[in-house]
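Asks: need coordinates for the following:
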Amino acid sequence: MHKLRITNIIPRENHNVTINFEPVSGEFPTYKAGQFLTLSFEFANRELRRSYSFSSSPDVDEPLSITVKRVENGEISRFLHHKIQEGDIVDALDPQGLFIYEPIEDSERTVFLFAAGIGITPLFSILKSALVRESKSKIVLAYSNSSPEVTPFKEELQEWAKKYPDRLQIIWIYSNSKNLMTARLNRDYILSILKNHLPAPHQDVLFYTCGPVIYMDLCRFTLLGMGFDESQIKRETFLLPENEEDDDDETEKEVDKTTYSIKLNFQGQSYHLDIPYNKSILDVGLENKIKLPYSCKSGMCSTCISNCSQGKVRMSYNEVLTDREVENGRILLCTGHPIEPDTIIDVF
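Replies: Numbers count the residues shown, from 1 in each chain. This next block holds a predicted model:
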């Protein structure tokens, strides 16, 4: 755990706030563009963790910073918006996340960034790293908001566009636009953007998307339909979909209510745990005072990735692991439920 001091709090458009930090002692671990920071808080003898993407870039001389959107019923987001002050010290875990950009200084590629609202946060970090570290690569940012007045980082992005006029193209998309054809991102609009900015060969193209799930699915399915490979398309999810169930599916589903025993290997020790059907492996591990790695508890980050070396695990939600990784035994502790007896889990 790291101690970080808040050095500055900057209000942003549309109920967002940027928080700058400095390490209290020593150096903060190196992070990568696109990763997130997990903050840990103690309230009434319970630990709450929340993860926020870095809006700063590790390749730019600027403070370590995150940007947080106020959530009406969000306990931590309201605390960060209304309670914290400059000089306060908070606890933070090591940077995490697989939604990263790895600069290659001699590369000459085109990077498309599709952002909606506060989804710009990790993409702003990626944009800055790509422009600073790669002198030949070009960045195309398609940025969706309801209006110019509520667009986070609008002025900062305009400054970056002025600084790199030949390498950064920003497509501002506003839903209040009078031109309905370009008021919202849609399949035809994506095709048009790529037609105007897509270089050849296509192998040197990367796509990063961040926003609501339906927004990212639109980007992904359109790009896959154009023939791009899965490996070229990255996505970062902030919120769970409101409803993952099919409203038209009224069939009665059989629920396995068996309690399965598992062996959990972590930091050189083995733990034998009984996992009831309505609790995840992470839930039971934490109840047994095992200091397992975790952050989002929702299957949307990579902090609790582990390996199932024996038996089988069902995940109630997975926004991180690929089908191949799942086939090879990778699981998420936070949404993982054993479905066979004597399952063995190895925590990284």
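Asks: neighbours of the residue lying closest to Leu191 once chain neighbours are set aside, how many?
Replies: Spatially, and ignoring its direct neighbours in sequence, Leu191 is nearest to Thr222 (7.1 Å; Cβ to Cβ, 6 or more residues apart in numbering). For every residue, glycine as well, the C-beta is placed using N, CA and C. Residues lying near Thr222 (other Cβ atoms under 10 Å) number 21.
Asks: contacting residues for Thr222?
Replies: Contacts for Thr222 were tallied using Cβ atoms under 8 Å, 6 or more residues apart in numbering; they are 187, 190-191.
Asks: for the stretch 201-348 of the chain, which residues score under the pLDDT cut-off?
Replies: Across the stretch 201-348 of the chain, the ranges flagged by pLDDT under 70 are 201-203, 237-255.
Asks: give me the number of residues near the closest residue in space to Leu292 that isn't next to it in sequence?
Replies: Spatial nearest neighbour of Leu292, chain neighbours left out: Gly285 (4.6 Å); criterion: Cβ to Cβ, 6+ apart. For Gly285, the neighbour count with other Cβ under 10 Å is 24.
Asks: what is the helix or strand hosting Gly285 packed up against?
Replies: Assigned by DSSP states H and E, Gly285 falls within helix 281-287. Applying 3 or more Cβ pairs under 8 Å, 6 or more residues apart in numbering; DSSP states H and E, one finds that helix 281-287 contacts strand 260-266, strand 269-275, strand 336-338.
Asks: give the buried residues for that helix.
Replies: Residues 281-286 are the ones in helix 281-287 that count as buried (16 or more other Cβ atoms under 10 Å).
Asks: before we move on, what SS does the closest residue to Val320 other than its chain neighbours have?
Replies: Excluding the flanking residues, the one nearest Val320 by Cβ to Cβ, 6+ apart is Ser302, at 5.1 Å. Under the three-state scheme (DSSP: H, G, I helix; E, B strand; the rest coil), Ser302 adopts coil.
Asks: for Ser302, what are its contacts?
Replies: Ser302 makes contact with 96-98, 320, according to Cβ under 8 Å, 6+ apart.
Asks: how about Asn20?
Replies: Applying Cβ under 8 Å, 6+ apart, one finds that Asn20 lies in contact with 6-10, 56, 63-65.
Asks: check which element follows the helix or strand where it lies along the chain.
Replies: According to DSSP H and E, Asn20 maps onto strand 16-23. Downstream of strand 16-23, the first helix or strand assigned by DSSP H and E is strand 36-43.
Asks: got the CA coordinates for that next one in PDB?
Replies: Below are the C-alpha coordinates for strand 36-43, written out as PDB (Å, rounded to 0.1, in the frame of the first residue of the first chain):
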ATOM      1  CA  PHE A  36      -5.900   2.700 -13.200                       C
ATOM      2  CA  LEU A  37      -5.200   3.600  -9.600                       C
ATOM      3  CA  THR A  38      -7.100   1.800  -6.800                       C
ATOM      4  CA  LEU A  39      -7.700   3.900  -3.700                       C
ATOM      5  CA  SER A  40      -8.500   2.200  -0.400                       C
ATOM      6  CA  PHE A  41     -10.600   3.700   2.400                       C
ATOM      7  CA  GLU A  42     -11.700   2.600   5.900                       C
ATOM      8  CA  PHE A  43     -15.300   3.500   6.900                       C
END
